[in-house]
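Novice: This is a predicted model, with the sequence first.
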Amino acid sequence: MSFLPQKIRDIQNHHLDSTIWDEFEFRDDDIIIATYAKSGTTWMQQIVSQLIFNGEEGLPVSEMSPWVDLRIPPKEVKLPIIEQQTHRRFLKTHLPIDALVFSEKAKYIYVVRDGRDVVWSLYNHHTNANNVWYDALNNTPGRVGPEIGQPDSDPLVYFENWLVNDGAPFWSYWENVRTWWEARNLPNVMLMHFADLKADIEGQIRKIADFLDIQINEDTIGDIVKHCSFDYMKAHADQSAPLGGAFWDGGAKTFIHKGLNGRWKKDMPKHLSEQYEQAALSQLGSGCSTWLKTGSL
C-alpha cells in the first residue's frame with residue numbers, strides 16, 4: 001500500500017473509548033464495519049452475517065458483531081470475548097479512520113448516509129432511549145467529558161444543534177466521513193452508500209461478497225436478500241439490536257426503525273437544508289459532498 005492510515009489521536013466520551021484498538025489483535029480475515037451512527041450499521045452487519053453464514057436464519061448478529069469502541073463493557077471484558085470468537089469476525093466501529101488502528105490484514109466497509117437522514121434517525125434513537133441507556137452511558141466508570149442529556153423535543157432544534165456544533169451531543173460527522181473518504185482508494189477499503197443499498201440490495205450484496213472474497217451460493221441468494229430486508233430485520237429485531245433492545249422504549253423494534261430516506265424533507269425549512277449542504281461542501285469538498293448527497297461513486 002502506498003498510504004496506510006495512522007492512528008494519531010484518541011476519542012473518548014460518554015459512548016466511545018478508542019484506546020481499545022491499541023490492544024486489539026487482528027486476524028487475517030477480519031472485517032471491520034465502519035459508520036457514523038445511524039448510517040446503516042446494523043443493516044451492513046446483517047448483510048455481512050448473511051454472507052458469512054450463507055443465508056442462515058436466527059443469527060444473534062448484535063452478539064456476533066460487537067461495537068469494539070463502545071466503552072461498555074470495558075475493554076478488559078470485551079477483548080477476551082472477541083478473541084474467543086471462532087467464526088470470521090465482523091466488528092463494528094463508529095470512529096473516524098485516524099482514531100483507530102488500521103491493519104492491512106482486515107477489510108473495511110464504510111457505510112455513509114446523508115446527514116439529514118442520519119439526524120432524523122438519530123433523533124428517534126435518542127428520543128426513545130430509556131433510563132437504562134442513560135444510566136449505562138453516564139454512570140458507568142470511565143466516562144470522559146460531559147454526560148449525554150435528554151434531546152430537545154423539536155427535531156429541527158435537535159438537527160440545528162447537531163449541525164452547528166458538528167455532531168453534538170454525539171461526535172463529529174464531518175471528520176468521520178472525510179477521513180474514510182480519503183482512504184477510499186485503498187484495496188482493503190470499500191465505501192458504500194445507504195441510498196445505493198436501498199436502490200439495489202442484491203447488486204450491492206454481490207459487490208460486498210466480491211470485496212470480502214466470499215463465493216455466493218446461488219441457491220441461497222434469495223434467502224440472503226430476504227433476510228437483509230427491513231421487513232425481515234424489523235420482525236427479528238431482537239437479534240440485531242444491542243441487548244435485544246433493552247435500552248429503548250418499545251424495545252428492539254424501536255431500534256430498527258424505518259430505514260427510510262428523505263423523511264426530513266416535509267419538515268425541514270429550505271434555509272436549514274441549504275445550510276447543511278453548504279457545510280458539507282465546505283467540510284468535504286465537491287466530490288465527497290456530491291457522493292454523500294446522491295450515492296453511487
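Specialist: Structure received.

Novice: contacts, neighbours, all on C-alpha from now
Specialist: Fine.

Novice: which SS state does L292 fall under?
Specialist: Here L292 is recorded as helix under DSSP: H, G, I helix; E, B strand; the rest coil.

Novice: quick one, phi psi at the closest residue in space to it that isn't next to it in sequence?
Specialist: Among residues not flanking L292 along the chain, D114 sits closest, at 5.6 Å (Cα to Cα, 6 or more residues apart in numbering). Taking degrees, to the nearest 10, you get phi -50, psi 130 for the backbone angles of D114.

Novice: my guess is D114 meets T290, correct?
Specialist: No. Taking contacts as Cα atoms under 8 Å, D114 lies outside contact range of T290: 10.0 Å.

Novice: Show me which of those two is the more surrounded one.
Specialist: Per other Cα atoms under 10 Å, whichever of D114 and T290 has more neighbours is D114, with 21 against 16.

Novice: What are the boundaries of the strands in the stretch 101-250 of the chain?
Specialist: For the stretch 101-250 of the chain, the strands defined by DSSP state E, counting those that start in this stretch occupy 107-112, 189-193.

Novice: Which secondary structure elements does the shortest one sit against?
Specialist: The reference is to strand 189-193. The contact analysis (3 or more Cα pairs under 8 Å, 6 or more residues apart in numbering; DSSP states H and E) places strand 189-193 against strand 107-112.

Novice: partner strands of the strand it packs on, parallel or antiparallel?
Specialist: strand 31-35 (parallel), strand 189-193 (parallel) (DSSP bridges).

Novice: which one of those has the most crowded surroundings?
Specialist: Scoring the strands paired with strand 107-112 by mean neighbour count under mean count of other Cα atoms under 10 Å gives strand 31-35 as the most buried, with a mean of 24.

Novice: Could you pull up the residues touching W43?
Specialist: By Cα atoms under 8 Å, 6 or more residues apart in numbering, the contact set of W43 is C228.

Novice: Run the angle between the strand or helix carrying it and strand 31-35 for me.
Specialist: Following DSSP states H and E, the helix or strand that holds W43 is helix 41-52. For helix 41-52 against strand 31-35, the angle by axes from the mean of the first three to the mean of the last three Cα atoms, to 10 degrees is 160 degrees.

Novice: chain center to helix 41-52: distance?
Specialist: Relative to its parent chain, helix 41-52 has a centroid offset of 11 Å by Cα atoms, centre = their mean, to the nearest Å.

Novice: how about it as CSV, C-alpha atoms only?
Specialist: Listed next in CSV are the C-alpha coordinates belonging to helix 41-52 (Å, rounded to 0.1, in the frame of the first residue of the first chain):
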residue,chain,number,x,y,z
THR,A,41,-24.5,-0.1,10.6
THR,A,42,-27.0,-2.7,11.7
TRP,A,43,-28.1,-3.3,8.1
MET,A,44,-24.5,-3.9,7.0
GLN,A,45,-23.9,-6.2,9.9
GLN,A,46,-26.9,-8.2,8.8
ILE,A,47,-25.6,-8.3,5.2
VAL,A,48,-22.2,-9.5,6.2
SER,A,49,-23.5,-12.1,8.6
GLN,A,50,-25.7,-13.5,5.9
LEU,A,51,-22.8,-13.7,3.5
ILE,A,52,-20.5,-15.4,6.1
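
Novice: tell me which residues in it are buried?
Specialist: Residues of helix 41-52 classed as buried under the neighbour-count rule (16 or more other Cα atoms under 10 Å) are T41, T42, W43, M44, Q45, Q46, I47, V48, S49, Q50, L51, I52.

Novice: Show the pLDDT at the first one.
Specialist: T41 is assigned a pLDDT of 95 by the prediction.

Novice: what's it in contact with, if anything?
Specialist: T41 is in contact with I33, A34, T35, K92, V111, counting by Cα under 8 Å, 6+ apart.

Novice: and the fourth one, which of the three is it?
Specialist: Same thing as K92. In three-state terms, and counting by three-state DSSP, K92 is strand.

Novice: hang on, it packs against D30?
Specialist: No. At 11.0 Å, K92 and D30 do not qualify as touching, with contact defined as Cα under 8 Å.

Novice: So for these two, which residue has more residues nearby?
Specialist: Applying other Cα under 10 Å to K92 and D30 shows that K92 carries more neighbours, namely 24 against 19.

Novice: Let me see the confidence value for that one.
Specialist: Confidence score, pLDDT, at K92: 98.

Novice: how many other residues sit next to P146?
Specialist: Neighbours around P146, by other Cα under 10 Å: 10.
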